[in-house]
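1. One predicted model, sequence on top.
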Amino acid sequence: MNPSSDPNAEVVRSGDLTVIGRIRSASNATFLCEAHLGDLEAHCVYKPVAGEAPLWDFPDGTLAGREYGAYLVSEALGWNVVPLTVVREGPAGPGMVQLWVDQPGDALSEDDEEPADTGPDLVDLVPTGKVPPGYLPILQAYDYQGDEVTLVHADDDRLRAMAVFDVLINNADRKGGHILAGVDGRVYGVDHGVSLHSEDKLRTVLWGWAGKPVDDEALARVEALRDRLYGDLGEALAPHVTDVEIDALHARAVALLRDPVMPGPDRHRPIPWPAF
């Protein structure tokens, strides 16, 4: 959906925010909020800059700004990989506000039935030797009980687009838990605070297409992104990341166009573990 036509967009951008809970699994201060604008209401995630833990390898800007930068790149590509995201004032000062992604089974009423078991998640751990059809094996490991398991992800075009997106933004933390299947049928990526660095920091579970060619439709989107980086897109990114990081984003787009093959993991591009 185009954000300009999303009825939630203006609510997230300028609605009154009320904190209704804290997401304690996050490493930085992260709150679940309700945003109200007139008769409209939307749930969203709020990450105040004041609650960010300093990172020695991401000394410039803010994590909130990098999350917004990832959203701008997602919008420029036209894949809508990242939920609607803004940087604005909130109850604890300026921060990132992102539309909440409703997932199947998030909030069951008394009249709702338990969701049926639909098989493995988009990214999952399965017993070794039992990779389900339509899934790509990534890594063999041991679970907490010491049993052999295989990290897999779906061979899904929505994840493939996300994998290209991660290469471009140089995502340093694409874990399985950062991939959300929405009730709207879309797949979203969240938690992009450690992205858009100028140095190679790609760290992801989405290695299923390593060494495979990037399709022509994706390349056309990357080309359009490249052409906007020294125009309107670059101007929008400039308050949130450095000029060197914008140049590096441009260079990654150019490199992918020149050699349209998905990269693979190595010692500089590890697979995050635990993967969730």
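-> That came in fine, so what should we check first? Residues are numbered from 1 along each chain as shown.
2. How much space separates residue 258 from residue 16?
-> Residue 258 sits 48 Å away from residue 16, going by CB to CB, to the nearest Å. Bear in mind the C-beta positions are built from the backbone N, C-alpha and C, glycine included.
3. Between those two, which has more neighbouring residues?
-> Each of residue 258 and residue 16 has its neighbours counted (other CB atoms under 10 Å); residue 16 has more, 11 against 7.
4. Test for you: state the pLDDT assigned to the more buried one.
-> pLDDT for residue 16: 94.
5. Kindly report the same for residue 275.
-> pLDDT for residue 275: 70.
6. is it true that it touches residue 125?
-> Yes: Residue 275 is within contact range of residue 125, at 7.3 Å (criterion: CB atoms under 8 Å).
7. Which residues are in contact with each of the two?
-> Taking CB atoms under 8 Å, 6 or more residues apart in numbering as the contact rule, the neighbours common to residue 275 and residue 125 are residue 151.
8. Against residue 253, how distant is the closest residue to residue 260 other than its chain neighbours?
-> Sequence neighbours aside, residue 214 is the residue nearest to residue 260 in space, at 4.2 Å (criterion: CB to CB, 6 or more residues apart in numbering). Distance of residue 214 to residue 253, computed by CB to CB: 11 Å.
9. Quick check: neighbours shared by those two?
-> Residues touching both residue 214 and residue 253 by CB under 8 Å, 6+ apart: residue 222.
10. who's more crowded, those two?
-> Neighbour count, other CB under 10 Å: between residue 214 and residue 253, residue 253 has more, with 23 against 19.
11. in the stretch 51-200 of the chain, which spans are strands?
-> For the stretch 51-200 of the chain, the strands defined by DSSP state E, counting those that start in this stretch occupy 85-90, 93-99, 123-127, 135-142, 148-154, 179-181, 187-189.
12. Name the strands paired with the longest one and say parallel or antiparallel.
-> For strand 135-142, the paired strands and their directions (DSSP bridges) are strand 148-154 (antiparallel).
13. ok so, going back, wouldn't the residue nearest to residue 260 be in contact with residue 258 here?
-> No: Residue 214 is beyond contact range of residue 258, at 11.3 Å (criterion: CB under 8 Å).
14. Name the spans of the stretch 151-276 of the chain whose pLDDT lies under the cut-off.
-> In the predicted model, the stretch 151-276 of the chain carries pLDDT under 70 at residues 276.
15. again, only using 50
-> Across the stretch 151-276 of the chain, nothing is flagged by pLDDT under 50.
16. Now residue 34: phi and psi?
-> Main-chain torsions, residue 34, degrees, to the nearest 10: phi -110, psi 130.
17. contacting residues for it?
-> Residue 34 is in contact with 17-18, 20, 41-44, counting by CB under 8 Å, 6+ apart.
18. repeat that with 6 Å
-> By CB atoms under 6 Å, 6 or more residues apart in numbering, the residues touching residue 34 are 18, 20.
19. Give the bridge partners for it, please.
-> residue 18, residue 43.
20. what's around the residue nearest to residue 225 when sequence neighbours are not counted, how many residues?
-> Closest residue to residue 225 apart from its sequence neighbours, by CB to CB, 6+ apart: residue 76 at 5.0 Å. Residues near residue 76, counting by other CB under 10 Å, number 21.
21. does residue 76 really touch residue 226, like I thought?
-> No: using CB atoms under 6 Å, residue 76 makes no contact with residue 226, being 9.9 Å away.
22. Which parts of this structure are helices?
-> 9-14, 63-77, 157-169, 216-228, 232-237, 243-258 (DSSP state H).
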